[in-house]
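1. show me the folded form of this:
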Amino acid sequence: MTRVQTGLENLIAAPPSWLAGMRIGLLCNPASVDAAFHHARDLMAARFPGQLTALFSPQHGFFAEKQDNMVESEDMLDPDLNIPIFSLYGKTRIPTQEMFDTLDVLIVDIQDVGTRVYTFIYTLSYCLEVAREFRKKVIVLDRPNPLGGVMLEGNCLRPDCASFVGRYPIPMRHGLTIGEIARLFNNHFSIGCELTVIPMTGWKRSMVFTDTGLPWIAPSPNLPTVASALVYPGQVLWEGTNISEGRGTTQPFELFGAPFINPKDLLQELSCESPDGIVLRPAAFEPTSNKWSGRRCFGFQFHVIDAHGCRPYGLSLRFLKAIKKLYANEFSWKTPPYEYEYERLPIDLILGDKEVRQWIEQNGPVAELERQWSEEIAAFQMLSRKFHLY
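-> Okay, here's the model as predicted:
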């Protein structure tokens, strides 16, 4: 297997000549490594001596140690380089002028997971907006979309559901790399900053992460494996409910359940024991934190057997509908706050369209929703092709 070379590796090998002498800020976290596990901070400090003047971290912190939503990280001082580490998920989620006064160019090297609700791409969007305002340059170092760049899933976000888990009308599973989505945000949504994307070498749209030859470093604590990232576009829905999404276990998002669920009854209601690319295994687990901490939960583990063919969003919606129907007295939607939204239902922000939640409540068929979404998926696919790099 030929290994993919990331934008980080290509930048270090052949940086743009205009970077000479510029003050550099770096947005990164533990997943910002090359194929030999060398971190971007160390590579850049060696490649551009004295030019690295500030570091920035997204949600979950510079060390990706913060476990959950709305768990903030503080600004710090890097003990080795003696430069500030600014948190973009703490006192503010939008970079300040004071932060950007430390740099001439912001380099972004973060591992996205290809799902609309993952906040890293919105941290990126705010950085693009602030860079335009203060006339700073931005370089995005491209990395693989772990879900691949072929299959798209779900509905596009509606404006009344916009939040920090969805700023733009894109599908739940968008099929773009972080460099491509930066181009989409900057050009189609008219941010208009001075943006450069350093592409990968050797990546193809058909590749999921296990095809790349690159090491998987958890971009956040509850996506520890490629499998957890593969099922995340569907399993993230449980964050908007009282069903455990497996936080507080060793297999977050792969596992889901609650004390009141009977897996046999749920499977019978679902009538879908062999979904595309995923095997459903009845499971029991006991979270050590988060929902149902210390209580035995019953549910399922999603085992991905075909990473190229699995469609977790539709499958999780079907489970959601079945659980809502079978356990109407025990099931509930999570109440606010969620990602700094204090009035709207979290599930509406996650789904990106409150009518989807209403359809589930009315026991409407998920297949009909998917038919309704097909046109907007096709339209987004046509639009996004303009920003493809591969």
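
2. quick one, phi/psi of residue 270?
-> Taking degrees, to the nearest 10, you get phi -70, psi -40 for the backbone angles of residue 270.

3. neighbours of it, how many?
-> 18 (other Cβ atoms under 10 Å). For glycine as for every other residue, the C-beta is placed from the backbone atoms N, C-alpha and C.

4. roughly how far apart are residue 70 and residue 105?
-> Distance, residue 70 to residue 105, by Cβ to Cβ, to the nearest Å: 31 Å.

5. actually residue 25, sorry about that
-> Relative to residue 105, residue 25 is positioned 7 Å away (Cβ to Cβ).

6. if you count surrounding residues, which of the two has more?
-> Neighbours per residue (other Cβ under 10 Å) separate residue 25 from residue 105, with residue 25 holding more: 27 against 20.

7. by contact count, what packs against whichever strand or helix holds the more buried one?
-> Per DSSP states H and E, residue 25 falls inside strand 24-27. The helices and strands touching strand 24-27, judged by 3 or more Cβ pairs under 8 Å, 6 or more residues apart in numbering; DSSP states H and E, are helix 40-47, strand 52-57, strand 105-108, helix 120-133.

8. dump that strand to CSV, restricted to CA.
-> What follows is strand 24-27, C-alpha atoms only, in CSV (Å, rounded to 0.1, in the frame of the first residue of the first chain):
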residue,chain,number,x,y,z
ILE,A,24,3.6,31.7,12.4
GLY,A,25,0.6,30.7,14.5
LEU,A,26,-0.3,27.0,14.5
LEU,A,27,-3.8,25.5,15.2
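
9. next one: that strand to chain centre, how far?
-> 20 Å (Cα atoms, centre = their mean, to the nearest Å).

10. so for that strand, mean pLDDT?
-> Across strand 24-27, pLDDT averages out at 98.

11. follow-up on the earlier one: which one of the helices and strands packed on strand 24-27 lies nearest to residue 295?
-> When the helices and strands packed on strand 24-27 are compared by Cβ to Cβ, helix 120-133 sits nearest residue 295, at 31.6 Å.

12. by contact count, what packs against the closest one?
-> Counting by 3+ Cβ pairs under 8 Å, 6+ apart, the packing neighbours recorded for helix 120-133 are strand 24-27, helix 97-100, strand 105-108, strand 137-141, helix 178-183, strand 194-198.

13. just the element for the closest residue to residue 43 other than its chain neighbours, please.
-> Excluding the flanking residues, the one nearest residue 43 by Cβ to Cβ, 6 or more residues apart in numbering is residue 12, at 5.3 Å. Using DSSP H and E, residue 12 falls within helix 7-13.

14. give me the number of residues near residue 13?
-> Residue 13 has 11 neighbouring residues, counting by other Cβ under 10 Å.

15. spit out the contact partners of it.
-> With contact set as Cβ atoms under 8 Å, 6 or more residues apart in numbering, residue 13 has no partners.

16. and if you look at residue 262?
-> residue 298.

17. run the last query once more with 10 Å
-> 268-269, 282, 298-299, 326-327 (Cβ atoms under 10 Å, 6 or more residues apart in numbering).

18. just give the nearest non-adjacent residue to the most centrally placed residue in the chain, would you?
-> Closest to where the C-alpha atoms of the chain average out (Cα atoms, centre = their mean) is residue 118, at 2.9 Å. Sequence neighbours aside, residue 112 is the residue nearest to residue 118 in space, at 6.3 Å (criterion: Cβ to Cβ, 6+ apart).

19. look up how far residue 149 lies from the one you found.
-> As for residue 112, its distance to residue 149 is 12 Å (criterion: Cβ to Cβ).

20. buried ones in stretch 115-130?
-> Buried residues in stretch 115-130, defined by neighbour count with 16 or more other Cβ atoms under 10 Å: 115-130.

21. er, stretch 48-63 actually
-> Residues 48, 51-62 are the ones in stretch 48-63 that count as buried (16+ other Cβ under 10 Å).

22. nearest to residue 154, out of the helices and strands packed on strand 24-27?
-> Of all those, helix 120-133 comes closest under Cβ to Cβ, at 15.3 Å.

23. what angle do the closest one and strand 52-57 make?
-> 140 degrees (axes from the mean of the first three to the mean of the last three Cα atoms, to 10 degrees).

24. measure how helix 120-133 sits relative to strand 194-198, angle-wise.
-> If you take the same axes, to 10 degrees, helix 120-133 sits at 140 degrees to strand 194-198.

25. show me where the stretch 251-390 of the chain has its strands.
-> According to DSSP state E, counting those that start in this stretch, the stretch 251-390 of the chain carries its strands in the segments 255-258, 278-285, 297-304.

26. and residue 32, which of those strands is closest to it?
-> So among the strands of the stretch 251-390 of the chain, strand 297-304 is nearest, using Cβ to Cβ, at 25.2 Å.

27. partners of that closest one, with directions?
-> Sheet partners assigned to strand 297-304 using DSSP bridges are listed as strand 255-258 (antiparallel), strand 278-285 (antiparallel).

28. in CSV: the ones you listed, plus mean pLDDT, mean neighbour count and distance to residue 390.
-> CSV is the format used below for the strands paired with strand 297-304 (pLDDT from 0 to 100; neighbours: other Cβ atoms under 10 Å; distance: least, Cβ to Cβ, whole Å):
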stretch, mean pLDDT, mean neighbour count, distance to residue 390
strand 255-258, 98, 26, 33
strand 278-285, 96, 18, 26
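
29. ok, which of those strands comes nearest residue 227?
-> Of all these, it is strand 278-285 that lies closest to residue 227, at 10.1 Å by Cβ to Cβ.

30. sorry, back to before: what's the overlap in contacts for residue 112 and residue 149?
-> 174, 176-177.

31. with these in mind, which one is nearest to residue 319?
-> residue 174 (22.2 Å).
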